[in-house]
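>>> just a sequence and a predicted model for now, questions to come.
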Amino acid sequence: MMQDERNQEQLWQRLQQSAFRRRFALNPRDDAYLRAKSMAVVLSHARDFIASRLAPALPAKDGKQTPWRGHPVFVAQHATATCCRGCLEKWYGIPCGVALTAAQQAFIVAMIALWLERRGGAT
């Protein structure tokens, strides 16, 4: 198992200990969207959302930039604590005020993908 995979699994286990993070699930509309569009398309949306809403050092409306519903990625972001820079700092140790690297963005998308695969209901 690679280091990132090990870290990903450790973070997954920590997230599953949080009653708040565990309560998230896709509603039927978001689940249908994921199934209709495919995981690949939804993850391309995730990359775009992360790049535009989370990657800047000082994102616009930080702490409020991720809606609670309306897209499977938004739900997954709240479930994986990748919704704002404050959560990234608390859960992942990624400091606020510094732009995300390409590797950090890829890791965040990987966490979203993991949640969509394990908890989101898509196959």
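Everything's here; your move. None of these values were measured; they are calculated from a predicted model. Numbering: from 1, shown residues only.
>>> host element of the residue nearest the centre of the chain?
The structure's the chain has its C-alpha centroid closest to Gln77; by Cα atoms, centre = their mean the separation is 3.2 Å. Using DSSP states H and E, Gln77 sits in helix 72-79.
>>> all helices of the protein, in order?
3-16, 19-22, 28-37, 39-49, 72-79, 85-87, 102-118 (DSSP state H).
>>> returning to what we had before: other residues contacting the helix holding Gln77?
15, 21-22, 24-27, 30-31, 33-34, 42, 45-46, 49, 66-69, 82-83, 112, 115-116, 119-120, 122 (Cβ atoms under 8 Å, 6 or more residues apart in numbering). Where C-beta positions appear, they are placed from N, C-alpha and C, glycine not excepted.
>>> show me how to select, in PyMOL, the buried members of these.
Here is the PyMOL command that selects the buried residues among the contacts of helix 72-79 (16 or more other Cβ atoms under 10 Å):
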select buried, resi 15+21+24+26+30+31+33+34+42+45+46+49+66+82+83+112+115+116+119+120+122
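>>> who wins for proximity to Pro95 among the helices of the chain?
Minimum separation from Pro95 across these (Cβ to Cβ) falls at helix 85-87, 8.5 Å.
>>> next, the buried residues of the closest one.
Arg85, Cys87.
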